[in-house]
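Engineer: Next input, structure requested:
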Amino acid sequence: MMGVFSLKRVREVLRAGFDELNRFYECVESDIRECLRRGDIEKMGDLLEVRLYSPLVSLYLIWRRGLLSGCSGLPSRERLAEVRRVALCSVLEGLGLLSENEVFSSIGDRELFVLARGFLECLKRGCGEELGERIVRLQLFEVGGKQALVSRTGGFADMRGASAMIDIASKLAADAVSEILGSEFLLSSEAGETVFLSPPEIAGSIEEAILRDYVLNHEKCPYLDVLLFRGNGASGIDVSVEDLLKRFGQVFLAALLTLRDLNLDEGEERLEARFLCRNCRNDRGLESDALLNFARRVVSSSSQVNDVHLAVMGGHDVLCKTCYVTRLYAKALIDILSGEGRRYRERFVECLKKSSAYRVLVEAVDEAKREFYKNYVYNLEEYDYDGKLAIFGLVYGDGDRFGTLKKSTRNIFDFYFLSLFFSELMGRGVKEGFSRVLDLDLYLAESMKLGKYLVPVTPLFVAGDDFLLGIRGEYVYVFVKGYYEGARRVYDVLRSFLKLPYFSDDMRKLLEERIGVSMGVAVGKTKVPGVFLYDASRRALRFTKEVTKRSGKKFKFGVQASLIYSKARASWDLVDKLTRIPPGGSEIYDQLFSSLIYFNDEGECPVSLALKEALCRSEGRIKGDYVKEIMEEFLTEGRHPLMAFAKVLSDIARGLRGEREEAVYRAENMKRVMRIFVRACKINEHSWRWFYTIASILDIIEDRESVEGIPKEGVVGRPREFEYEILKRFVGC
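Structural biologist: Now for the predicted structure:
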C-alpha cells in the first residue's frame, strides 16, 4: 500500500480531528496525482474510493441524523469532524484496512458507523432507496467575466495581475470549503471555478462565508473585491446521490444554469472624460495620492511604498481602482519571483504564491537556471534592445472537447478523474514546453555570450482546461513541440485507468475519440497593444479548433496551433483574413489543417518538415523573405493558383541552373520544401496560408538573429548570422 495508507497513518484516522482529516485527504489527492503521472493502476482504485465515497457517506449521515435541521449558520467543526471520521472509517474498513473492532474501540457512536457501512454498501451496488433522496447540492463558486477582466486594458502587467487575482480567488474559495466542510468535499478548483459538494441546508451560508470571510476579506488577501463572483449556493437545485452516480454531467450543467451574481454593483455611473481612468478609459479614476493607500496596505516598509507605487502608476496620473490593483498584483508577483518578496507583507506574499503563474515559474526556472537570468519581465519594453523593439507573443491554449467531456460525464468518478487528468495534462505540457524553451535560451545565451537577461517565458495562468502565457516570438515552435511531448506522456497513461470499474462506459467511449489541445498564437512587436495580441490569440484559437474539428482527422491525441504574426503594427484586417472560416467540405479543412503547427499520432506536420528543410542544412539556408515572395505569388489578384505555382517552380529551376553554389543549394532546399507542399496541400486559393506560416516563423527567428548579431559599439564588421548549431534548434532539429 502507498504511504498514505500505511498502518500508522490509517490508525491515526481513528483519533483524527477536523484539520488532521483535511491533511489525510490532501495526501490522498497528492497520491492520486502521482498514480496518474506514473500510470499506477493498482493503487488508484482504493484511493478513488476513499476520496469520493467518503464525502457521499458523510452527506448521508448528516441528512439521516438531521444534524443540520434548523441550522441558521455554519455547523460545528467538532460535530462535522465526528461524522467525517465515521464516514472515512467505514470506507477504510470496507477496503480491509481497518477491522470492525478497531473502529468500535475508538468511535463512541456505533450506530452511526452501522448507518455509514450500510450506505457504503448501497453506493458500491449502485442501488438502494436512500440513494434517491435529495440530500446534496453540487455547488459552484466562480469568478465571472474572466476574459473581460484579463483583456480590460491591453496592458501586459494588467493582464498578469488580473490572471493572478482570478487564480488566487479560486484557491481561497477552496480553502474556505476545506475549513468549513472538509477538503474531501472539493471536486475541483482551478481558473476561477470551484466545484464542491455541500448539504443543501447550509449551501447559502457557505456561499456567504466564502465571500465575506475569504475572497472579500482584505485580511486574507486584499482588493479581490474588484472581481465579480457568481455562485449557486442559494439558487442551486438539490440532487440525490443517485444523480451523482448516474447523471453527473446533467447535474453539472444544471448547476451552471443556476449561477447568479453575488457582488454586482447595480448602479452604472456615467462619467465625464476628465474623470475616467487613464489606462482603461472605463471606470472612475482616482488620483495618485488616493491610490497610494492601496500600496501602503501590502508593502511592508514605508520607505518602499513610493517606489512600488510609482512603478505601478506607470507614468499615469489617474487610474481606477481595478487597474491599479491588477498592476499592483503584477508588480508584487515579479518582485517575489525576483527575490524581492521582503518588500511586501507576509500574508500578501502567501496569497500571490497561490497563483498558477508563480507555481509554474518556480518549477520551470529552478535555482540551477535562475542564476543565469537577470530577472523576470514586468513590462514588455524590458525585452527591447537598444533602439530596436523585440518580438513577443501570447499563446492561448484550450483543451479540445474538455468542457464537453465534463458535461457528458455519467458519474462523480468520471468528473473527478477527468478534472485531474485535464489538470495534469495541461500542467505537464506547459512545464515541458517551458523546459524546452529555457534549454534553447540558455544554449543561445552561452553560444552568443549574451550575459544575463530576462526569462523568455511568462505564464499568465495555467488551469484545468486552458492556459495563457507570454513568450518571446522565436520560441513559439519550440514551446508547441515541447508541450505536445509533455502532454502526450500524460495521455499515454490514460488508457490503463479506463479499465477501472468506477468509470462509465460512456466515458470510455468518449475518450476513445480524438482528444487534443488547440492553441492560438499572436506575435508582434512589444509596442503592439496587449489587447490586440490577446484578442488575436483568442480568434486564432477559435480558428484552430474549428479547422481541427471540421477536418475530420482521426488521430487519438494531438496538439495544434495557428499563428498570427503582425510585425509592424496591429492589423485587424490581417486577423480577419487569417481567422475567417471559409465554406467548403472536409477537403478544404484538411488543407487548412496542414497550415497549422501540429504534432499528433500521424507524425510531424508539413510546416515542421518544411522548416527543417529551410534551416537544418548547413548550406543553402532559406530566408523568410524568399518564402514570403512565394506566398505573394499565390495572393496576386487575378492570377490562378496554378499559374502562381508554375511561376514558383520556374524560379526554382532557374536557381538550380545558377552559377553560385550557395544559390544552387538554396534552390535544392526550396525544391524539397515544394515537394512537401504538394504532398500536404492542394493548389488553390488557400495555398498561401501554408507559406504564410513558414515565412512568419523564419522572419521571427531572423529578427532575433539580427539583434544578437549586431557588432558591439566600436567593432567593425557585418552582423553575424546564428551558427548552424543554434539555428537548427529553433525548429527542433
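Engineer: switch to C-alpha atoms for all contacts and neighbour counts from now on
Structural biologist: Noted.
Engineer: Which secondary structure element is home to Ala162?
Structural biologist: Assigning secondary structure by DSSP states H and E places Ala162 in helix 156-180.
Engineer: what's the following helix or strand past that helix in contact with?
Structural biologist: Downstream of helix 156-180, the next assigned helix or strand under DSSP H and E is strand 186-190. Here strand 186-190 makes contact (C-alpha atoms under 8 Å, 6 or more residues apart in numbering) with 167, 170-171, 174, 177-178, 194-197, 416, 419-420, 463-464.
Engineer: Strand partners (parallel or antiparallel) of strand 186-190?
Structural biologist: strand 193-198 (antiparallel) (DSSP bridges).
Engineer: Who are the packing partners of the helix or strand just after the partner strand?
Structural biologist: Per DSSP H and E, the first helix or strand lying C-terminal to strand 193-198 is helix 203-209. With contacts taken as 3 or more C-alpha pairs under 8 Å, 6 or more residues apart in numbering; DSSP states H and E, helix 203-209 sits against strand 134-144, helix 156-180.
Engineer: Let me see the ranges of the helices in the stretch 401-550 of the chain.
Structural biologist: 402-407, 412-448, 476-492, 494-497, 505-512, 530-551 (DSSP state H, counting those that start in this stretch).
Engineer: Can you check which of these gets nearest to Glu49?
Structural biologist: helix 412-448 (9.0 Å; C-alpha to C-alpha).
Engineer: That closest one: which residues count as buried?
Structural biologist: 412-438, 440-442, 444-445 (16 or more other C-alpha atoms under 10 Å).
Engineer: tell me the average confidence for stretch 504-518?
Structural biologist: Mean per-residue pLDDT for stretch 504-518: 87.
Engineer: follow-up on the earlier one: can you put the helices of the stretch 401-550 of the chain in JSON lines and add distance to His686?
Structural biologist: Formatted as JSON lines, those follow (distance: least, C-alpha to C-alpha, whole Å):
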{"stretch": "helix 402-407", "distance to His686": "30"}
{"stretch": "helix 412-448", "distance to His686": "30"}
{"stretch": "helix 476-492", "distance to His686": "22"}
{"stretch": "helix 494-497", "distance to His686": "37"}
{"stretch": "helix 505-512", "distance to His686": "32"}
{"stretch": "helix 530-551", "distance to His686": "13"}
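Engineer: Between those, which one is closest to Leu61.
Structural biologist: Per C-alpha to C-alpha, nearest to Leu61 of the helices of the stretch 401-550 of the chain: helix 412-448, 18.8 Å.
Engineer: Can you give me the pLDDT of the residue of the chain positioned farthest from its centre?
Structural biologist: The outermost residue of the chain relative to its centre, with distances by C-alpha atoms, centre = their mean, is Glu659 at 52.5 Å. Note for Glu659: predicted pLDDT of 85.
Engineer: What backbone torsions are found at it?
Structural biologist: As for Glu659, its main-chain torsions (degrees, to the nearest 10) stand at phi -90, psi -30.
Engineer: and what of Val377?
Structural biologist: According to degrees, to the nearest 10, Val377 has phi -80, psi 140.
Engineer: count of neighbours near the spatially closest residue to it that is not a sequence neighbour?
Structural biologist: In this structure, Val377 finds its nearest non-sequential neighbour in Leu454, 6.2 Å apart by C-alpha to C-alpha, 6 or more residues apart in numbering. A total of 14 residues lie near Leu454 under the criterion other C-alpha atoms under 10 Å.
Engineer: Next: Lys8.
Structural biologist: Neighbours around Lys8, by other C-alpha under 10 Å: 10.
Engineer: measure it to Arg15 for me?
Structural biologist: Per C-alpha to C-alpha, to the nearest Å, Lys8 is found 12 Å from Arg15.
Engineer: got it, and Val195?
Structural biologist: Going from Val195 to Arg15 by C-alpha to C-alpha gives 29 Å.
Engineer: got a list of what Leu276 touches?
Structural biologist: Counted by C-alpha under 8 Å, 6+ apart, Leu276 has contacts 282-285, 318-320.
Engineer: In TSV: the helices and strands packed on helix 203-209, plus distance to Asp506, mean neighbour count and mean pLDDT.
Structural biologist: TSV is the format used below for these (distance: least, C-alpha to C-alpha, whole Å; neighbours: other C-alpha atoms under 10 Å; pLDDT from 0 to 100):
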stretch	distance to Asp506	mean neighbour count	mean pLDDT
strand 134-144	21	24	95
helix 156-180	29	25	92
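Engineer: Show me how far the strand or helix carrying Leu80 is from its chain's centre.
Structural biologist: For Leu80, the host element (DSSP H and E) is helix 77-94. Here helix 77-94 is found 35 Å from its chain centre; the criterion is C-alpha atoms, centre = their mean, to the nearest Å.
Engineer: Likewise for stretch 119-132?
Structural biologist: 37 Å.
Engineer: What residues sit buried inside it?
Structural biologist: For stretch 119-132, by 16+ other C-alpha under 10 Å, it's 119-120, 123, 130-131.
Engineer: Dump these into JSON lines; add secondary structure as well.
Structural biologist: What follows is the buried residues of stretch 119-132, written out as JSON lines (DSSP: H, G, I helix; E, B strand; the rest coil):
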{"residue": "Phe119", "secondary structure": "helix"}
{"residue": "Leu120", "secondary structure": "helix"}
{"residue": "Leu123", "secondary structure": "helix"}
{"residue": "Glu130", "secondary structure": "helix"}
{"residue": "Leu131", "secondary structure": "helix"}
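Engineer: Tell me which of these has the lowest pLDDT.
Structural biologist: Comparing these by pLDDT, Glu130 comes last, at 91.
Engineer: hmm, back to that, the contacts of Leu276: which two are farthest apart?
Structural biologist: Farthest pair in these, by C-alpha to C-alpha: Asn282 and Val318, 12.2 Å.
Engineer: Among those two, which residue is more densely surrounded?
Structural biologist: Val318 (22 against 17).
Engineer: per-residue pLDDT, that one?
Structural biologist: Val318 is given a pLDDT of 86.
Engineer: Need the nearest residue in space to it, chain neighbours excluded.
Structural biologist: Glu287 (4.7 Å).
Engineer: what's that neighbour sitting at in phi/psi?
Structural biologist: The phi/psi pair for Glu287 (degrees, to the nearest 10) is phi -80, psi 160.
Engineer: who touches it in this structure?
Structural biologist: Taking C-alpha under 8 Å, 6+ apart, one finds 317-319 in contact with Glu287.
Engineer: tell me which element Tyr565 is part of?
Structural biologist: strand 557-566.
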